[in-house]
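# what would the 3D arrangement of this be:
(chains A and B)
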Amino acid sequence: MRNCLSLLLCLFCVSPSIFAQETKPASVKVEAKSSEAEPSNLYGAITGRVISEDGPLPFVSITVLPVSNNTRGRGGNAPRNVTTDAEGNFKVDGLRASAWNVIPSAQGYVVETTNDETTQQFYRINESATIRMSKGGVITGRVLSAAGEPLIAVPVSVQYIRDAQGRPASGGTNTGFFQTDDRGVYRIYGLQPGNYVVSAGRTGGGGPGGGGRSPYDGDVPTYFPSATRDTAVEVSVSSGGETSGIDIQYRGGKGRAVSGKITGAVTDTTNTNRPAFGPGGGGPGGGGISVTLTHAATGTVFNRTFVMSRSGTPTYALYGVPDGEYEVTAERDTPGGNDAVSVPRRVVVTGRDVTGIDLTLMPMASVAAKLQLEVATTKCETNHKATFEEQLFVLQPEEEKNTATRPNLRRAFLDNSLVSPERTGEMSFRNLNIGRYYLVAKLLDDNWYIRSITLPGAPFKTAAKAGAKATTTATTTDVARTGLNLKSGDKITGLMVKVSEGAAALKGNVKADEPLPPLLRVYVVPAEKERTDEVLRYAVAAVATDGSFSVGHLAPGKYWLLTRSEFDDARKKIWDNTERTKLRREAEAANIAVELQACQRVTNYELRLKK
Amino acid sequence: MRFSRNSAIFVLLFTVSAVNGQSLQPTVPATASVTGQIKIGETPAPGVSVALITSARQATPVAQANAQTRTTTDADGRYKFANLAAGNYRVTVLSPGYIVFGNSELVRNGQQITVKDGEAIERIDFTMTRGGVITGKVTSNTNRPIIGEPITLTTIDDSGKQAAFNAPEGVGFRTDDRGNYRAFGLPPGKYLVSAGRGNAQGGAPGFAANRTYQRTFHPEATEESTAVPITVEAGKEVTEIDIRMASIETYAATGRVVEAETGKPIAGVLIGHNTVRSGGRGGQAPLPQAQGGADGTSGNEGEFRIEGLARGKYSVYVVQDAQNPLTSEYYSEPATFEIATTDATGLELRLQRGASVNGIVVLDGATDPGILTNVRINAFSRSGGGGGGGRGSNASAVAPNGTFRVAGLSPGRVSLNVSEANNAGPFSGLQVLRIERDGAEMQSGLEVTQGEQVSGVRVYIAYGTSSIRGLVKVEGGTLTQGMRLMVTARRTDNSSGGRGGGMMPAQVDAQGQFQIERLVAGTYEVTAQAMGGGFGGGGFGGRGGGQQAGQQPGQQTVQQMRVTPVSQTVVVGNNATQNVTLMLNLAAQTPVNSQGNQPGNRQGGQPNNPPRRRP
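Below you'll find the predicted structure:
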């Protein structure tokens, strides 16, 4: 299990931000459904409907799978697949009480992600999902030789570069396999609106000898119009629209090799009861070392190789690398223990093989935490009794390598780094890189909010004064504010997360005399002076294109609302002291105040945009 | 220098062979050559890619997809391969979209030639013509375009014999967002065009593309006998070959869960089902516990209902769930049924009180008692009588003091093995050394009677410190870009290791070398096999086994082949390393009768949309 390495092919990821308090996009409705004669609340069903602008979508493949990495494999937790009926409805029964992801798949259709914060919607059992899909966009054109002849059966793929509002997205190759036909024409469909780079020839391919029978085997990709990745021209696609004439003049070429040695924590020495792990032992999942080459600017994985070495220092070689700028990272997979990872090394390839890119493996860190529910003074009305197993947590790195690889919930889900507490409240986070981390929650119960995230510190004694006894004071660190600073091999224990019942929620619309600016956000800032530094009381929500927004899990109290048009990392605005002070000052000046009671649900708030 | 112009090719051949573990050391200097010319009609064709493939005994994709030499025709359409050793070769023109003729005969998989020492073979000429094209649109019976649907072509020869049409590798035909498809590069002849799968039998659970539609032939025939064949001519296009799809009829299965002794209905237990392979034992179905997938829970009258079942054979069972005391103490035999044209009703699942095994786990050389909390005991009980087969396993955590309890076992033989909680793969390195019951060693598992509560069991386990190292040599071809060699070791001398236990996989590096570590002394069966696909450059993501001829992405051909695995028995001593060499023949293939094996399966699989990511 891995965390925080930006080595994913993340499809249609909208540039992300994630906050201490989650937000729900206004476009997806969630209803808690109560079930009648429930013999036990261990199991339940998720129902729903898939609709599009043309009406309900039948025969959509729906995959339901557990979100957190630790709940999988238990009875009732296997991934399930159903198909919507003629009216677009579906029902998946026999699911265990935990957090579920519902993923629709319909050829040619996409679920549009329109907000900058993650719109990742997760569900509990006995809830209903309404999923909106729209027809994907199309990019079409031809692939031609240098002489202008159409090239046949050339693989063509796209990478998502930015969304319809211009936010950088982590580029990933789209689903499906596309190639040119006998006229050299290709047609890629089912695309999210936004900007793409289009390439002909295989990505991440190339190698000695080449295999198969395609004339393009082993070629490095050529990007539209006839360029390398770094000089590629972006192609724009609108929702359901068609962008044609994207002709690529093919170059091909075999690419170069990048190689080096691997040093450092090549074997797992942290578990003294186990014999040391050799670099080659075990096979997939059994402790091998892999080396991954990613495109530096976007984090797209270009190539990956496994390392085997029988004597001395392991070495690796990556082939078929086109000219460009990359990062190379090594990872050691250690089932049952902590993985090790190397600091990524930047490599620039310009027409020659590159050797000596040595990578040093360092053991990763882990954190053990416990969730506690504070005895509630207020109890909200609810249809669905909250359980620990239905809540989600992730440790997110503070550092953001580039906007395209900003951590978000969707990526955390794909990366398997979301964790659900056990019934006892215990949860553990493994395979954490070096750096500062913040605990981010995705609570699926609307009535809960996080009160504190603390780590007991070493108790310290004050010096005995004359005639008095020495006192020992227990210290706790407010991890919500300071984050966790992790070093290689750290094993942090005792992180305490307290939740409380009585959360309020605020839903409404931003109204203005002119069209709304793009990339709009609403910040919720605690108004009480003594709460300035209570990071957990700050929240932020994206404003949808129709002006709607929704913020939940708010502790009762007085707040100011502030709108801002920006796409920087919203997490930083809250975690960073200077930014938080700025936020507060602006919020105070704007003076849009609201007071929320325990369990209150405001649904029609109108937020006037001041000029 | 004589070699100067062609040394690049020679070096490439040599390097590639060395990398793939195959020695190609000629004892006589390699000076043979092969030349020819390629034309399109009467015009020489420049820039055409030509490949020279060594020693392919049969035109199978695995054998032919080895490390080839490639070259491109010059301005005059001519090509040359030089500095060749004597041997059998195949010259293949890589030209998707075109049909290739050599000596006026259609060349499908390259021209076979035999080269003698120093021989200069000339006039291996080819003529290319543009293949025929079939286009059309695929819609549902309500006129919705069917998007992304793979198109299957079947050729019909003059005698009426049918064969699956295999496009050259890398070419696949699918409908686009408007439902339109374009099949190109077709040799002249008669074809049947179809889309959609048959009944949803087999395939990875839940992740197969479009299982909603029956296989339908142009124009809207669900039987081949009523399909309209299409005649294709070289270079010509046949249009409007539309297909109107019919959906698959599905039915339901209903029944009750009752307590065997009293006949009382049992509510609130999870029910699951599996497809039973026809002709095979039901035991090939995945274990209910391992899957954990369920269709729903039994209602207040113990009733259950499973919908969406297409024609076929199924078995339905109660899913074991450690958290649910009702299922962890009981077991039930699965109920098998068949769906043809009606719902299956009246199924009964009888829960019987199971036996339990109580005992202690002793870890050899354990210094840290906390280690045991990670260990899991898995009990496999075989059902006494027939029906269903495929017994489940019950797992139990091990307390820090080593005690464990597995319950819900059916009477008969129980075998135990161990695994680690947070290690998703089958490879653990933890092995059962010995099982004792009341002091006596149980060589072949424990025998339990109906409902018996067995105690006094001691399970001795250890991390192995021995290893098997070796080499896999490859013959009958060499490995393609996307293929990977895999070696697994399985303990054969200790049945207390359990039926499902201990398949340890290891990767094989580019030199063919591998090592499997942390083994306990014993006798192992070491198996080498070739797995297709992979990350990055290669294929479309392997699904185990070799790749098939003209595998169109997303399409499932009728007969899947894979390279026949080879095995060898190895005896490993205590704290020792044993060496072994295995010889794998890529040209020898056997059919695969179920979905391919995925080594080191990970739990919580990902659906098609998100990219593959190791958990």
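
# how about the strands of the stretch 301-450 of chain B, start to end?
B:303-309, B:312-318, B:330-332, B:335-339, B:344-353, B:355-363, B:375-381, B:393-397, B:403-409, B:412-420, B:430-437, B:440-441, B:446-448 (DSSP state E, counting those that start in this stretch).

# any idea which helix or strand in chain A has the lowest mean pLDDT?
strand A:30-32 (a mean of 29; mean pLDDT, DSSP states H and E).

# out of the strands of the stretch 301-450 of chain B, nearest to chain A?
With respect to chain A, and counting by CB to the nearest CB, the nearest of the strands of the stretch 301-450 of chain B is strand B:412-420 at 4.9 Å. From N, CA and C alone the C-beta is placed, and that goes for glycine too.

# is that closest one in proximity to chain A?
Yes. Among the residues of strand B:412-420, B:E420 lie within reach of chain A under CB under 8 Å from any CB of the partner chain.

# show me what B:Q112 is bridged to.
With beta bridges defined as DSSP bridges, B:Q112 has these partners: B:R90.

# ok, now how distant is it from B:T35?
Counting by CB to CB, to the nearest Å, the separation of B:Q112 from B:T35 is 16 Å.

# that older thread, next one: whatever helix or strand comes next after the least confident helix or strand of chain A to chain centre, how far?
Remark: after strand A:30-32, the chain's next helix or strand is strand A:43-52, criterion DSSP states H and E. Centroid displacement of strand A:43-52 relative to its chain, using CA atoms, centre = their mean, to the nearest Å, is 23 Å.

# mean pLDDT for the strands of the stretch 301-450 of chain B: which is lowest?
Comparing mean pLDDT across the strands of the stretch 301-450 of chain B, the lowest value falls on strand B:393-397: a mean of 73.

# for that one, which strands pair with it and how are they oriented?
The pairing partners recorded for strand B:393-397 under DSSP bridges are strand B:375-381 (antiparallel).

# returning to that earlier point: and the strands of the stretch 301-450 of chain B, which is most packed in?
Highest mean neighbour count of the strands of the stretch 301-450 of chain B: strand B:330-332, a mean of 26 (counted as mean count of other CB atoms under 10 Å in any protein chain shown).

# what sits up against it?
For strand B:330-332, contacts defined as CB atoms under 8 Å, 6 or more residues apart in numbering or on different chains pick out B:257, B:260, B:317-318, B:320, B:349-354, B:381, B:392, B:408-410.

# and B:G36, bridged to which residues?
Here B:G36, judged by DSSP bridges, has bridge partners B:Y79.

# no wait, B:A164
With DSSP bridges as the criterion, B:A164 is bridged to B:T154.

# tell me which of the contacts of strand B:330-332 is nearest to B:E237?
For the contacts of strand B:330-332, the minimum distance to B:E237 (CB to CB) is 53.1 Å, reached by B:Y317.

# and the residue lying closest to the closest one once chain neighbours are set aside, how many neighbours?
Distance criterion CB to CB, 6 or more residues apart in numbering or on different chains; nearest residue to B:Y317, sequence neighbours excluded, is B:P334 at 3.9 Å. Residues lying near B:P334 (other CB atoms under 10 Å in any protein chain shown) number 26.

# and the pLDDT for B:P334?
Per-residue confidence (pLDDT) for B:P334: 86.

# thinking it is in contact with B:Y314, fair?
No. The criterion here is CB atoms under 8 Å, and B:P334 misses it with B:Y314 at 9.3 Å.

# what do the two both touch?
Residues touching both B:P334 and B:Y314 (CB under 8 Å, 6+ apart): B:N274.

# quick revisit: farthest pair within the contacts of strand B:330-332?
Greatest spatial distance among these (CB to CB): B:V257 and B:S381, at 19.4 Å.

# partners of A:L432 in the sheet?
For A:L432, the beta-bridge partners are A:A365 (DSSP bridges).

# likewise the one 10 residues further on?
Here A:K442 shows beta-bridge partners A:L392, assigned using DSSP bridges.

# count of neighbours near it?
A:K442 has 24 nearby residues by other CB under 10 Å.

# with B:E233 instead?
Neighbours around B:E233, by other CB under 10 Å: 13.

# surely it meets B:R130?
No. Assessed by CB under 8 Å, B:E233 is found out of contact with B:R130, at 10.6 Å.

# between the two, what contacts are shared?
Counting by CB under 8 Å, 6+ apart, no residue touches both B:E233 and B:R130.

# would you mind measuring from the residue of the stretch 501-611 of chain A found nearest chain B to A:Y523?
Using CB to the nearest CB, the closest approach of the stretch 501-611 of chain A to chain B is made by A:A542 at 21.8 Å. Between A:A542 and A:Y523 the computed distance is 11 Å (CB to CB).

# over to B:F81?
69 Å.

# which regions of the stretch 451-600 of chain A sit below the pLDDT cut-off?
For the stretch 451-600 of chain A, the stretches with pLDDT under 70 are A:458-468, A:470-473.

# what ranges do the strands span in it?
For the stretch 451-600 of chain A, the strands defined by DSSP E, counting those that start in this stretch occupy A:460-461, A:472-473, A:476-478, A:484-486, A:491-501, A:504-511, A:520-526, A:539-542, A:548-554, A:557-565, A:593-596.

# out of the ones you listed, which comes closest to A:G320?
Shortest distance between A:G320 and these, using CB to CB, is found for strand A:484-486: 35.1 Å.

# which residues does that closest one contact?
With CB under 8 Å, 6+ apart as the test, strand A:484-486 has contacts from A:365, A:367, A:395, A:432-439, A:455, A:492, A:495.

# got it, and stretch B:433-445?
By CB under 8 Å, 6+ apart, the list of residues contacting stretch B:433-445 from outside reads B:364, B:413-416, B:446, B:454, B:456-462, B:495-496, B:498, B:520.

# repeat that for 6 Å
Residues from elsewhere that reach stretch B:433-445 (CB atoms under 6 Å, 6 or more residues apart in numbering or on different chains): B:413-415, B:456-460, B:462, B:495-496.

# including secondary structure and distance to A:D533, could those go into JSON lines?
Output for the contacts of stretch B:433-445, formatted as JSON lines (DSSP: H, G, I helix; E, B strand; the rest coil; distance: CB to CB, whole Å):
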{"residue": "B:R413", "secondary structure": "strand", "distance to A:D533": "64"}
{"residue": "B:V414", "secondary structure": "strand", "distance to A:D533": "59"}
{"residue": "B:S415", "secondary structure": "strand", "distance to A:D533": "59"}
{"residue": "B:G456", "secondary structure": "strand", "distance to A:D533": "60"}
{"residue": "B:V457", "secondary structure": "strand", "distance to A:D533": "57"}
{"residue": "B:R458", "secondary structure": "strand", "distance to A:D533": "57"}
{"residue": "B:V459", "secondary structure": "strand", "distance to A:D533": "54"}
{"residue": "B:Y460", "secondary structure": "strand", "distance to A:D533": "56"}
{"residue": "B:A462", "secondary structure": "strand", "distance to A:D533": "53"}
{"residue": "B:S495", "secondary structure": "helix", "distance to A:D533": "64"}
{"residue": "B:S496", "secondary structure": "helix", "distance to A:D533": "60"}
